[in-house]
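In: based on what follows, work out the 3D shape:
(4 chains)
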There are 2 protein chains.
Amino acid sequence: MFRLSRGAEYAVRGILYLSITYSEEKVSVIEEISKAQDVPLPYMAKLFQSLARKGFVKSFKGQKGGFVLSKHPKDISLLDVIEAMEGPIFLNVCLIHDGYCPRDKVCPVHDVWGEAQRVFVDYLRKYNFERLAVSAEKKVRVSTGKAKRRS
Amino acid sequence: MFRLSRGAEYAVRGILYLSITYSEEKVSVIEEISKAQDVPLPYMAKLFQSLARKGFVKSFKGQKGGFVLSKHPKDISLLDVIEAMEGPIFLNVCLIHDGYCPRDKVCPVHDVWGEAQRVFVDYLRKYNFERLAVSAEKKVRVSTGKAKRRS
DNA sequence: ACAAACAAGACCATTTCTATCCTGATTTAA
DNA sequence: TTAAATCAGGATAGAAATGGTCTTGTTTGT
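Out: Okay, the predicted model is just below:
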């Protein structure tokens, strides 16, 4: 089943939220993030623990605590976040590592998967969160009918 | 988890086997197919029941029974077989159908997934089993050191 | 000292995946 | 007509992944 897990999807949303508010230099608490991105709060809390351990966000305890990105949004790719949550991407078990599959020498599909994976992974790597945050703001402007003021 | 299921992988192998022997106009029994492709026999048997119901293979009962492809290998794509076993490919739940995701109007990642899926699916559709069977034969020749006789 | 936050781990229900097994129906050949 | 070969269909089952909750602790600012 070629499907993004909920966990990874939620993590992407969380990082996206922090990317959009990044320039404001504020810390965001989990409740705020989970409400804004429509993710169950306790689940989001768990996800952010994991994102903190993996170095995507910095956490602060206590009053005035919360989360901030620990890198610039432009230095975080979609691939980074997805692989952080799901582990490395392998479209087929036969690609887990070179030589893993005893049939790869005679299997014509092996190469097909290899190439598909390369294309897919490269594609996800192309998107960083600065870029996504900009698109998000554009989309919101369009969908709420707020045109950009003409200069 | 972006991973091909075992079931789909085995189905691909099964169809591949029948594609390679297609021109010989023989029926193959499940035991032969499962041994050749190194798949647990009872599992392969189940898979072929399903492949038969879905029109990929014709089955014959009784002595001299077995399976044959019901279409020419060139008319079966990798995508066909995979979707038959796993259902339609959606890289993200948000793509299940237009309007399914309430956030797609403001979510910048939605379009990224849409495009990635289009590329991926088109890629799998490009490969038909005639092509794969030919590659397989080439690979076997190379790996067994049997060079093609020079004309 | 208290309240607001995150940290960590246990826990749990559901679904999916992988696979097996048993019984039955059909066909061919002896 | 009987036996053997072969597929059909359904039930079952264990393991893993998924998605999510809860409880208990720790840290920090006021």
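In: for whichever strand or helix holds residue A:34, list every residue counted as buried.
Out: Assigned by DSSP states H and E, residue A:34 belongs to helix A:30-37. By neighbour count on 16 or more other C-beta atoms under 10 Å in any protein chain shown, the buried set for helix A:30-37 is A:30, A:33, A:34, A:37. For every residue, glycine as well, the C-beta is placed using N, CA and C.
In: spit out the contact partners of the last one.
Out: Shown in contact with residue A:37 (C-beta atoms under 8 Å, 6 or more residues apart in numbering or on different chains): A:10, A:13, A:14, A:16, A:17, A:44.
In: per-residue pLDDT, it?
Out: pLDDT recorded at residue A:37 is 96.
In: gap between it and DNA strand C?
Out: Counting by C-beta to the nearest atom of the strand, to the nearest Å, the gap from residue A:37 to DNA strand C is 14 Å.
In: give the contact list for residue A:134.
Out: Residue A:134 touches residue B:108, counting by C-beta under 8 Å, 6+ apart.
In: in a strand, it, correct?
Out: No: Residue A:134: not assigned to a strand; according to DSSP: H, G, I helix; E, B strand; the rest coil it is helix.
In: hang on, residue A:97 is in a helix, isn't it?
Out: No: under three-state DSSP, residue A:97 sits outside any helix and is assigned coil.
In: what about the longest helix along chain A, average pLDDT?
Out: If each helix of chain A is counted by residues according to DSSP state H, the longest one is helix A:108-126. Per-residue pLDDT over helix A:108-126 has a mean of 97.
In: in it, what counts as buried?
Out: A:108, A:109, A:110, A:112, A:113, A:114, A:116, A:117, A:120, A:121, A:123, A:124.
In: what does stretch A:73-85 give?
Out: For stretch A:73-85, the neighbour count (16+ other C-beta under 10 Å) marks A:73, A:76, A:77, A:78, A:79, A:80, A:81, A:82, A:83, A:84, A:85 as buried.
In: need those in TSV (columns: secondary structure and pLDDT).
Out: Formatted as TSV, the buried residues of stretch A:73-85 follow (DSSP: H, G, I helix; E, B strand; the rest coil; pLDDT from 0 to 100):
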residue	secondary structure	pLDDT
A:73	helix	98
A:76	coil	98
A:77	strand	98
A:78	helix	98
A:79	helix	98
A:80	helix	98
A:81	helix	98
A:82	helix	98
A:83	helix	97
A:84	helix	97
A:85	helix	97
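In: now the helix or strand of chain A with the lowest mean pLDDT - C-alpha only, PDB.
Out: For chain A, using mean pLDDT, DSSP states H and E, the weakest element among its helices and strands is helix A:129-143, scoring a mean of 92. Extracted C-alpha coordinates of helix A:129-143, given in PDB (Å, rounded to 0.1, in the frame of the first residue of the first chain):
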ATOM      1  CA  PHE A 129       9.200  24.200   3.800                       C
ATOM      2  CA  GLU A 130      10.000  27.700   2.900                       C
ATOM      3  CA  ARG A 131       8.600  27.000  -0.500                       C
ATOM      4  CA  LEU A 132       5.600  25.200   0.900                       C
ATOM      5  CA  ALA A 133       4.900  28.000   3.400                       C
ATOM      6  CA  VAL A 134       4.900  30.500   0.600                       C
ATOM      7  CA  SER A 135       2.400  28.400  -1.400                       C
ATOM      8  CA  ALA A 136       0.300  28.000   1.600                       C
ATOM      9  CA  GLU A 137       0.000  31.800   2.100                       C
ATOM     10  CA  LYS A 138      -0.800  32.200  -1.600                       C
ATOM     11  CA  LYS A 139      -3.500  29.600  -1.400                       C
ATOM     12  CA  VAL A 140      -5.100  31.200   1.600                       C
ATOM     13  CA  ARG A 141      -5.200  34.500   0.000                       C
ATOM     14  CA  VAL A 142      -6.900  33.100  -3.100                       C
ATOM     15  CA  SER A 143      -9.400  31.000  -1.200                       C
END
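In: the helix holding residue A:34 and DNA strand D, are they touching?
Out: No: using C-beta under 7 Å from any atom of the strand, helix A:30-37 stays clear of DNA strand D, with a minimum separation of 9.2 Å.
In: chain center to that helix, what's the gap?
Out: Chain-centre distance of helix A:30-37: 16 Å, with C-alpha atoms, centre = their mean, to the nearest Å.
In: verify the stated contact: residue A:10 with residue A:47.
Out: Yes: at 5.7 Å, residue A:10 and residue A:47 qualify as touching, with contact defined as C-beta atoms under 8 Å.
In: anything in contact with each of these two?
Out: When C-beta under 8 Å, 6+ apart defines a contact, the residues bordering residue A:10 and residue A:47 alike are residue A:39.
In: distance check, the nearest residue to residue A:55 once chain neighbours are set aside against DNA strand C.
Out: Nearest residue to residue A:55, sequence neighbours excluded (C-beta to C-beta, 6 or more residues apart in numbering or on different chains): residue A:70, at 6.0 Å. From residue A:70 across to DNA strand C, the span is 11 Å (C-beta to the nearest atom of the strand).
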